[in-house]
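> Just the structure for this:
(chains A and B)
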Amino acid sequence: MKCFDINEIFEIIEKRDERIKELEEHIKACEECKINYQKIREFIETVQIEVPFDAKVKIKNRIFEKVKKKEKFRFILVPSLLTALAVILFVFIFVKEKNKEDIVIFSPGKQAVLTPEEVLFAFKMRKLRNYRVYIDDIDITDSLKNEGNVFYFLAENLELDPGPHVLTIIEDESRIISREFYLTSFKYSAGY
Amino acid sequence: MDYHEKEELFNTLYEKYFQRIWRYVYYKTGNREDTEDLMQEIFIKVWKGLDKFEGRSSYYTWIFRISMNTVYSFFRKMRFKKFIPLEMVDEKHFAYHKNEKKEKVFEKMKLLPKELKEILELYYISNFKIREISEMLNIPEGTVKTRLKRARELLMELLK
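Numbering: from 1, shown residues only, chains lettered A, B, ... in the order given. Model prediction:
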């Protein structure tokens, strides 16, 4: 009778194949197939790992304990944190809006030291009405150029003497913002 | 998916795959305590991932990948704790199966080439079907069958 190969024996045992009788008959006379058959049966029995009866429930309880704690955190703490964050954000924006200057002078900076060629005034004005802009006593309002709400003035044609000067913005003849700057005599002393 | 739908789906998956995953994890760690901790970690990851699961693979493929990665991380942590090279960190370093027969068989399985050992573990330890293993490892069913046959033959040689 033909011998059974390893994989055939595996399949006969695993699938409870009807050839099992044929195999059992064969191993009575074939030592090699008998050893293979025993080893395979032993292997299949050995690899069975039993799950302890209480493990499934015990682990599930542990999982849901953790999950529920996290859900609680999500449902209580997260909304609270979000509310707190919204309040902080609102206060921050509101306060910032309140404190926002109607006029922000970009240039020149306080006590800036400039050469006549560098002199360029730029300032941003919001909601400003009836304003006049002066350098010292010279009214430069009509010479201002603007891009959006940023106003600027190129001072190259303004014959300013070296020394301290003042940029003044007057709104409604009442609100006054002024900024000092210093003009050097660099142009002259450096021998241009 | 609301909380109750999620809980219902989780319970179904837990019932369906708990045993297979347990067998795989226990085979890898060799002791109940680590297996319980890892099972908890794996199924918490499953819970967290359910909302994001896009169905690009079947649930068992997804859960089994989570299990493999979690077990791998566990052994990697062990390596740092015990200063053992990763390839040497396996169940031998734990209070392994008290059963000597089991120990002998599992030791022999460890000696097989990786691609054969993997098939044997999934088929015999975790009881996955050929089709499921094919999907899980992303290889044709024919290749799984060929490797399984080769793995059985080699293992029997080693067990003689």
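> confidence score at the residue located most distally from the centre of chain A?
In chain A, the greatest distance from the average C-alpha position (Cα atoms, centre = their mean) is reached by residue A:29, at 76.3 Å. With respect to pLDDT, residue A:29 scores 90.
> domains for chain A, by residue range?
Following automatic domain parsing, one gets these domains for chain A: A:1-65, A:103-189.
> Which one of the ones you listed lies nearest to residue B:136?
Closest to residue B:136 of the domains of chain A is domain A:1-65 (Cβ to Cβ; 18.3 Å). Glycine gets a C-beta too; all of them are placed from N, C-alpha and C.
> close to chain B, is that closest one?
Yes: where contact is defined by Cβ under 8 Å from any Cβ of the partner chain, part of domain A:1-65 touches chain B, namely A:6-7, A:10, A:35-36, A:39-40, A:42-44, A:46-47, A:49, A:51-52, A:55-56, A:58-60, A:62-63.
> I figured residue A:62 hits residue B:40, correct?
Yes: in this structure, residue A:62 sits in contact with residue B:40. The criterion is Cβ atoms under 8 Å, and the distance is 5.2 Å.
> Format the domains of chain A as CSV; extra columns: distance to residue B:109.
As requested, these are exported to CSV (distance: least, Cβ to Cβ, whole Å):
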stretch, distance to residue B:109
domain A:1-65, 8
domain A:103-189, 76
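> for residue B:157, phi and psi?
With angles defined as degrees, to the nearest 10, residue B:157 shows backbone torsions of phi -60, psi -40.
> how many other residues sit next to it?
Each residue near residue B:157 was counted by other Cβ atoms under 10 Å in any protein chain shown, and the total is 10.
> Residue B:112 now?
The burial metric for residue B:112, expressed as a neighbour count using other Cβ under 10 Å, is 18.
> can you pull the contacts of it?
B:120, B:151, B:154-155, B:158 (Cβ atoms under 8 Å, 6 or more residues apart in numbering or on different chains).
> again with residue A:28
Residues near residue A:28 by Cβ under 8 Å, 6+ apart: residue A:34.
> again, but for residue A:173
Taking Cβ under 8 Å, 6+ apart as the criterion, residue A:173 is in contact with residue A:130.
> Specify the local secondary structure of it.
Three-state call for residue A:173 (DSSP: H, G, I helix; E, B strand; the rest coil): coil.
> ok, and does the helix or strand that residue B:67 is a member of reach over to chain A?
When secondary structure is defined using DSSP states H and E, the element that contains residue B:67 is helix B:59-82. No: on the criterion Cβ under 8 Å from any Cβ, helix B:59-82 is out of touch with chain A, staying 13.4 Å away.
> Quick check: buried residues in that helix?
Of the residues in helix B:59-82, those with enough neighbours to count as buried (16 or more other Cβ atoms under 10 Å in any protein chain shown) are B:59-64, B:66-68, B:70-71, B:74-75, B:78-79.
> Stretch B:117-134 too?
In terms of neighbour count (16+ other Cβ under 10 Å), stretch B:117-134 has its buried residues at B:117-126, B:128, B:132-134.
> list the helices and strands the longest helix along chain A packs on?
Longest among the helix segments of chain A by residue count, using DSSP state H, is helix A:78-99. Applying 3 or more Cβ pairs under 8 Å, 6 or more residues apart in numbering or on different chains; DSSP states H and E, one finds that helix A:78-99 contacts no other helix or strand.
> Put the alpha carbons of that helix into CSV.
Provided in CSV are the C-alpha atoms of helix A:78-99 (Å, rounded to 0.1, in the frame of the first residue of the first chain):
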residue,chain,number,x,y,z
VAL,A,78,-13.1,68.8,27.4
PRO,A,79,-16.2,71.0,27.1
SER,A,80,-15.1,72.8,30.3
LEU,A,81,-11.7,73.4,28.9
LEU,A,82,-13.2,74.6,25.6
THR,A,83,-15.5,77.0,27.4
ALA,A,84,-12.6,78.4,29.4
LEU,A,85,-10.6,78.8,26.2
ALA,A,86,-13.4,80.6,24.5
VAL,A,87,-13.8,83.0,27.4
ILE,A,88,-10.0,83.7,27.4
LEU,A,89,-10.1,84.2,23.7
PHE,A,90,-13.0,86.6,23.9
VAL,A,91,-11.4,88.7,26.6
PHE,A,92,-8.2,88.8,24.7
ILE,A,93,-9.7,89.9,21.5
PHE,A,94,-12.1,92.4,23.2
VAL,A,95,-9.3,94.0,25.3
LYS,A,96,-7.0,94.1,22.3
GLU,A,97,-9.7,95.8,20.2
LYS,A,98,-10.3,98.3,22.9
ASN,A,99,-6.6,99.1,23.2
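> Point out where chain B drops to low pLDDT.
Per-residue confidence for chain B (pLDDT under 70) gives these ranges: B:79-99.
> 80 - rerun?
Counting by pLDDT under 80, chain B contains low-confidence residues at B:1, B:55-56, B:78-103, B:160.
> How is it divided into domains?
Residue ranges of the domains in chain B are recorded as B:1-96, B:98-160, according to automatic domain parsing.
> Quickly list what's touching both of residue A:62 and residue B:40.
With Cβ under 8 Å, 6+ apart, residue A:62 and residue B:40 have no common neighbours.
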